[in-house]
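S.K.: Next one to model:
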Amino acid sequence: MGFSTKQVQALRRRLNGRQIRTREVNGRGLSYIEGWFAISEANRIFGFDGWSRETVESRCVHTRENRGTFVAVYVAKVRITVQADGTTVIREGHGSGENRGTSLGEVHDIALKAAETDATKRAFATFGKPFGLELYRKSRKLESLAPTDAIPVTRFGFHPDDTTPIPRPSHYYGRRQYPPLSKQVLAQPESAARSLAPNAPNPGKIDKSLLALAEPKRRRDKSHLRFVASQPCVVCGRHPSDPHHLRFAQLRALGVKVSDEFTVPLCRGHHRHLHQSGDEVAWWQGFKIEALQVARRLWEQTHPGELQIETGTTKQSDSNQAKADS
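M.R.: Take a look at the predicted model:
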């Protein structure tokens, strides 16, 4: 055996129930761990440079198009190679992935990633308990493995399987920490504390919204994105959250996101599910959430004096226009 004593102890350690996720598939409950967690455990136990992953085989087994909606199903075979004190350990796993949406390329891309992630988790499961090996035993007691913070089923019939991690700012990034907001504060912005100072504008940057052929003003504020990421998911209230940009808030531009003032907090699962839905407006309507209002309330908390300044400028310009007309 090439593994060290600490590695053997880590591989024998039982999986923390808080890392177990549940969702319903074809009328039955399914317990699983997320793909990012399996990779994180591999880095912790084997080392960042102590293992490698190779996709041995992948193919599309089903694809269909119906009234502009595409469906794709992929299967994949993944090989995990671990280097342990001069010994090479090789494990393989098979997995499948399915996705549907209005973008053909995105549907195939996400389905293939899901299949590779599923195969990776099954290959890692052969190493022991920390990778969810116990979840594959049919005679296990669900009560002993049930997580204390199981993910609820959404109104769409399932909780999104966020096996593919989404790049996001860290919840603990930066020196400044913001307290999380409760749902009561989000529902009543007048009761929220307005203690954050507004950021000063960049004097050397041209405001293209004032040109003859105006462009939408796309403001960038990293501290505001960190503030949004520190808030609970606006859908389910889970942590950590991603600052999601509302794509329908401004006109689209090639490779450019909307302004940072149109961001709301979403957990990894709902963030992934939103990107897979295709129609963002209908997605928010399904949850009966006014995303633009939530984004505006969050922006007002990090820029408390900005609304008053803009309102005063508007009133002053209206007054000057009235004098000119008279």
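
S.K.: residues in contact with Leu104?
M.R.: 65, 70 (CB atoms under 8 Å, 6 or more residues apart in numbering). Heads up, the C-betas are built off the backbone N, CA and C, glycines and all.

S.K.: measure it to Asn26 for me?
M.R.: Distance, Leu104 to Asn26, using CB to CB, to the nearest Å: 26 Å.

S.K.: Same check on Ile20?
M.R.: 20 Å.

S.K.: same question, Arg91
M.R.: Note on Arg91: its distance to Asn26, by CB to CB, is 28 Å.

S.K.: what about these two, which has more around it?
M.R.: More crowded of Arg91 and Asn26, by other CB atoms under 10 Å: Arg91, with 16 against 5.

S.K.: pLDDT at the more buried one, what is it?
M.R.: Arg91 is assigned 92 on the pLDDT scale.

S.K.: Neighbouring strands - and their directions - for the helix or strand where it lies?
M.R.: Using DSSP states H and E, Arg91 sits in strand 87-101. According to DSSP bridges, strand 87-101 forms sheet pairs with strand 69-84 (antiparallel).

S.K.: packing partners for the helix or strand Thr22 falls within?
M.R.: Per DSSP H and E, Thr22 falls inside strand 21-25. Using 3 or more CB pairs under 8 Å, 6 or more residues apart in numbering; DSSP states H and E, the elements in contact with strand 21-25 are strand 28-32.

S.K.: Show me what the mean pLDDT comes to for the following helix or strand past the strand it packs on.
M.R.: Note on strand 28-32: by DSSP H and E, the next helix or strand toward the C-terminus is helix 35-46. For helix 35-46, mean pLDDT rounds to 90.

S.K.: what are the C-alpha coordinates of helix 35-46, in CSV please?
M.R.: The C-alpha trace of helix 35-46 is given here as CSV (Å, rounded to 0.1, in the frame of the first residue of the first chain):
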residue,chain,number,x,y,z
GLY,A,35,-18.8,17.1,-7.8
TRP,A,36,-16.9,20.1,-6.4
PHE,A,37,-16.8,18.4,-3.0
ALA,A,38,-15.4,15.2,-4.4
ILE,A,39,-12.6,17.1,-6.2
SER,A,40,-11.9,19.2,-3.0
GLU,A,41,-11.6,16.0,-0.9
ALA,A,42,-9.2,14.5,-3.5
ASN,A,43,-7.0,17.6,-3.3
ARG,A,44,-7.1,17.4,0.5
ILE,A,45,-6.3,13.7,0.8
PHE,A,46,-4.1,13.0,-2.3
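
S.K.: List the buried residues in stretch 101-113.
M.R.: The neighbour-count check on stretch 101-113 (16 or more other CB atoms under 10 Å) flags 101, 106-108, 110-113 as buried.

S.K.: Give me the subset of these that lies in helices.
M.R.: In helices, judged by DSSP state H, the following of the buried residues of stretch 101-113 are found: 106-108, 110-113.

S.K.: before we move on, back to that, now the strand holding Arg91: buried residues?
M.R.: Buried, per 16+ other CB under 10 Å, within strand 87-101: 89, 91-93, 95, 97-101.

S.K.: any idea which of those residues is closest to Trp284?
M.R.: Gly101 (16.4 Å; CB to CB).
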